[in-house]
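In: Take a look and give me a structure for this.
(chains A and B)
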Protein chains: 2
Amino acid sequence: MSGLPDLDQIRDAAARIAPYAAVTPVLRSARLDALAGAQLHFKCENLQRGGAFKFRGACNAVWSLDDAQAARGVVTHSSGNHGNALAMAAATRGIAAHVVVPEGAVRAKLEAIEQAGAVLHRCAPTTAAREAMTAELQRQTGAELVHPYADARVMAGQGTLVLELMRQVEGLDALITPVGGGGLAAGCAIAAHGLKPELAMYGAEPTGADDAARSLAQGARVEPFQADTLCDGLRTLIGAPNFDALRTHRTQVITVSDEETIAAMKLLWRELKLVVEVSSATVLAAVLKQAEHFAGRRVGLVLTGGNVDLDALPW
Amino acid sequence: MSGLPDLDQIRDAAARIAPYAAVTPVLRSARLDALAGAQLHFKCENLQRGGAFKFRGACNAVWSLDDAQAARGVVTHSSGNHGNALAMAAATRGIAAHVVVPEGAVRAKLEAIEQAGAVLHRCAPTTAAREAMTAELQRQTGAELVHPYADARVMAGQGTLVLELMRQVEGLDALITPVGGGGLAAGCAIAAHGLKPELAMYGAEPTGADDAARSLAQGARVEPFQADTLCDGLRTLIGAPNFDALRTHRTQVITVSDEETIAAMKLLWRELKLVVEVSSATVLAAVLKQAEHFAGRRVGLVLTGGNVDLDALPW
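Out: Predicted structure coming up:
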């Protein structure tokens, strides 16, 4: 479903996913506050079902379908957290999930998606092959496409975490999320500004995948590019509606190097006692790097996921 | 303070520490439930202030002192979580903390204790040297000894986590904690049976430090022994009042190998997305090893701490 959701749709999403999604805790650390010179409130989506915020959007999409649509199942392309989330969401409704994955994707991730009950469809690792196979599956099965980020239902689902966060923490001044395709950033910006128009929105991006930062700087989406970052969740080009949302909501994107992100990841593990993935750590890296934006303010930081290969840590 | 606390003292402790200690969340995992064939409720004391349950006991001890006692400060011997917890607790009251540590203790842990505001006193790494220096400090300063586990105030503080847990989870059938000196096990048993006498109490011990299991089997505390386990928090001989409490409360101790514990630690990191220390993982290792005790039951598992050297993981 194209376009952007509004606050009411995000509220509807919250009601729709409430029976299935976790209300994730908000954690704090006196040491990290001292390091940042700000009051940091970490929204722990690594503790969400499936280990990532993605379940919120996938679950909202699955439960937005009418019964006839639902009976034909859902389809997406993602070898990462969204594929897994859609598989888990489809299982909550007992419907089929088809997930298109590129040859060469990490085996452990594919096994997790299969374990969650989805049917895997392998294709060549190109955008064209992926889109062709997804379209072919839609034709064959009638399954509904649930795009990982350029989908209003998905964005509305991700935005529900802000409704929670703003109930859990009073008086937030700023909010920062990682930016990949921009589903999270857009959903969160719409929810946050729906409730508090003066809240400052920030995004965090790896320097090796700074397409959102460059797109905002030049006033139009950049061309597809080759990402060069360890942050596997953030290599995607920002989506078209997502870019519009970032612009409308005056989101400032801060770029951080992988070295800065890995240092921040280790700080999060050590101080918060949480397993978070490298993409999640961009938000703390950004807050520490450009501390002047956040000094003395109440800042919400979205820790997006915790699906990490414990045998291959980046330090 | 010697002897054992009662339920009222644990309730008093809960009120006393409420302004300073965190109410820690209880997390669950469908996959771990399936593996165990039981309903597992993990009480996340790794998210407690200082990264371990120890803050509860230390904080209760510090705030139990009258003003004259408090003015003379507190003293203990511990290079681990209790030393750090006492330093942090003393800081909440603005009083002095003296911590006796053996030569050769891990530098990072000592730095943390100093950062928390305590004065370190180094001694030879023997029980005699440690006790002599502690006694000498008490004489010189009049500081109150807060023993790591054989102290009723400390046990009462640790027991407060059960009051929380039993509010957070209805109908618990069993509870399992790691057993080192036994302050946690005793406090939890007294609190749990005070509220629900039929609840089954379990302890988890490394096979290389199975003094509580052997003591219970022979009906008397074993002699001091040489521990051989990676679980640095569980190498201590069980305390005398602690042993009495375990016997009175019919605590069954399950022993697990370090290999079983490390496998359980990795499961906890992967499924719960939590950084927990190796000692904490003994509880899950024990539940998986002797699953017949827990089948189909609601089990509380205390995850004791999350202070881990991220550069030296045991896998």
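In: Up against chain B, what does the stretch 201-315 of chain A have?
Out: A:266, A:269-270, A:272-276, A:306, A:310-311, A:313, A:315 (Cβ under 8 Å from any Cβ of the partner chain). (C-beta placed from N, C-alpha, C; glycine too.)
In: the longest helix in chain A is where?
Out: In chain A, with assignment by DSSP state H, the single longest helix is helix A:152-168.
In: returning to what we had before: which of the residues of the stretch 201-315 of chain A next to chain B are buried? Put it as a ChimeraX command.
Out: Of these, the buried ones go into a single ChimeraX selection, burial set by 16 or more other Cβ atoms under 10 Å in any protein chain shown:
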select /A:266,269,270,272,273,274,275,276,306,313
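In: helix or strand right after the longest helix of chain A?
Out: strand A:174-178 (DSSP states H and E).
In: What strands flank that following strand, and is each parallel or antiparallel?
Out: strand A:200-206 (parallel), strand A:298-303 (parallel) (DSSP bridges).
In: who's in contact with the last one?
Out: Same thing as strand A:298-303. Residues from elsewhere that reach strand A:298-303 (Cβ atoms under 8 Å, 6 or more residues apart in numbering or on different chains): A:36, A:38-46, A:53, A:161-162, A:165, A:169, A:171-178, A:184, A:188, A:268, A:274, A:276, A:280, A:283-284, A:287.
In: Quick one, which of these are buried?
Out: Buried among the contacts of strand A:298-303 (16+ other Cβ under 10 Å): A:36, A:38-46, A:53, A:161-162, A:165, A:169, A:172-178, A:184, A:188, A:268, A:274, A:276, A:280, A:283-284, A:287.
In: Any part of the longest helix of chain A near chain B?
Out: No: shown here: helix A:152-168 not in contact with chain B (Cβ under 8 Å from any Cβ), separated by at least 12.2 Å.
In: Just the buried positions in that helix, please.
Out: Per 16+ other Cβ under 10 Å, helix A:152-168 contains these buried residues: A:152-166.
In: Tell me the one of those nearest chain B?
Out: Distance to chain B across the buried residues of helix A:152-168 (Cβ to the nearest Cβ) is lowest for residue A:164, with 14.2 Å.
In: what helix or strand does the spatially closest residue to the closest one that is not a sequence neighbour sit in?
Out: Counting by Cβ to Cβ, 6 or more residues apart in numbering or on different chains, residue A:164 lies nearest to residue A:23, which is 5.8 Å off, once chain neighbours are set aside. Using DSSP H and E, residue A:23 falls within no helix or strand.
In: In helices, which of the residues of the stretch 201-315 of chain A next to chain B fall?
Out: A:266, A:269, A:270, A:272.
In: From the contact counts, what lies against the one helix or strand in chain A whose mean pLDDT sits lowest?
Out: Counting by mean pLDDT, DSSP states H and E, chain A has its least confident helix or strand at helix A:107-115, which shows a mean of 87. Where contact means 3 or more Cβ pairs under 8 Å, 6 or more residues apart in numbering or on different chains; DSSP states H and E, helix A:107-115 is packed against helix A:81-93, strand A:97-102, strand A:119-123.
In: Burial-wise, tell me which of the ones you listed comes out on top.
Out: Stretch with highest mean neighbour count among the helices and strands packed on helix A:107-115: helix A:81-93 (a mean of 26; mean count of other Cβ atoms under 10 Å in any protein chain shown).
In: what does that helix contact?
Out: Outside helix A:81-93, the residues that reach it (Cβ under 8 Å, 6+ apart) are A:20, A:49-52, A:54-55, A:57-59, A:61-63, A:70, A:73-74, A:76-78, A:96-97, A:99, A:101, A:109, A:112-114, A:116-118, A:146, A:148-149, A:233, A:305, A:307.
In: Return the residues of the stretch 51-200 of chain A in contact with chain B.
Out: Going by Cβ under 8 Å from any Cβ, the residues of the stretch 51-200 of chain A near chain B are residue A:51.
In: What residue in the stretch 51-200 of chain A comes nearest to chain B?
Out: The stretch 51-200 of chain A approaches chain B most closely through residue A:51 (5.9 Å), counting by Cβ to the nearest Cβ.
In: show me what contacts that residue?
Out: A:81, A:305, A:306, A:307, B:273.
In: give me that answer again for 6 Å
Out: Residues in contact with residue A:51 (Cβ atoms under 6 Å, 6 or more residues apart in numbering or on different chains) are A:305, A:306, A:307, B:273.
In: repeat for residue A:148
Out: A:78, A:82, A:181.
In: Quick one, grab the pLDDT at the second one.
Out: Residue A:82 carries a pLDDT value of 95.
In: Can you tell me the SS state at residue A:227?
Out: coil (DSSP: H, G, I helix; E, B strand; the rest coil).
In: quick one: the closest residue to it other than its chain neighbours from residue B:243, how far?
Out: Once flanking residues are discounted, residue A:227 sits nearest to residue A:235: 3.6 Å by Cβ to Cβ, 6+ apart. From residue A:235 across to residue B:243, the span is 57 Å (Cβ to Cβ, to the nearest Å).
In: How about residue A:132?
Out: The value you get for residue A:132 to residue B:243, if Cβ to Cβ is used, is 70 Å.
In: So for the two, which residue has more residues nearby?
Out: residue B:243 (25 against 14; other Cβ atoms under 10 Å in any protein chain shown).
In: Check which helices and strands whichever helix or strand that one is part of is in contact with.
Out: Counting by DSSP H and E, the element that carries residue B:243 is helix B:240-248. If you count contacts as 3 or more Cβ pairs under 6 Å, 6 or more residues apart in numbering or on different chains; DSSP states H and E, helix B:240-248 packs onto helix B:183-195.
In: what packs against the helix it packs on?
Out: Looks like helix B:183-195 contacts helix B:152-168, strand B:174-178, helix B:240-248 (3+ Cβ pairs under 6 Å, 6+ apart).
In: how much space between the residue nearest to residue A:56 when sequence neighbours are not counted and residue A:276?
Out: Excluding the flanking residues, the one nearest residue A:56 by Cβ to Cβ, 6+ apart is residue A:157, at 4.1 Å. Relative to residue A:276, residue A:157 is positioned 20 Å away (Cβ to Cβ).
In: Now do the same contact list for the closest residue to residue A:199 other than its chain neighbours.
Out: Nearest non-adjacent residue to residue A:199, counting by Cβ to Cβ, 6+ apart: residue A:192, 4.9 Å away. Neighbouring residues of residue A:192 by Cβ under 6 Å, 6+ apart: A:162, A:175, A:199.
In: how much space between whichever residue of the stretch 1-150 of chain A sits closest to chain B and residue A:194?
Out: Closest residue of the stretch 1-150 of chain A to chain B, Cβ to the nearest Cβ: residue A:46 (4.5 Å). Distance, residue A:46 to residue A:194, using Cβ to Cβ: 25 Å.
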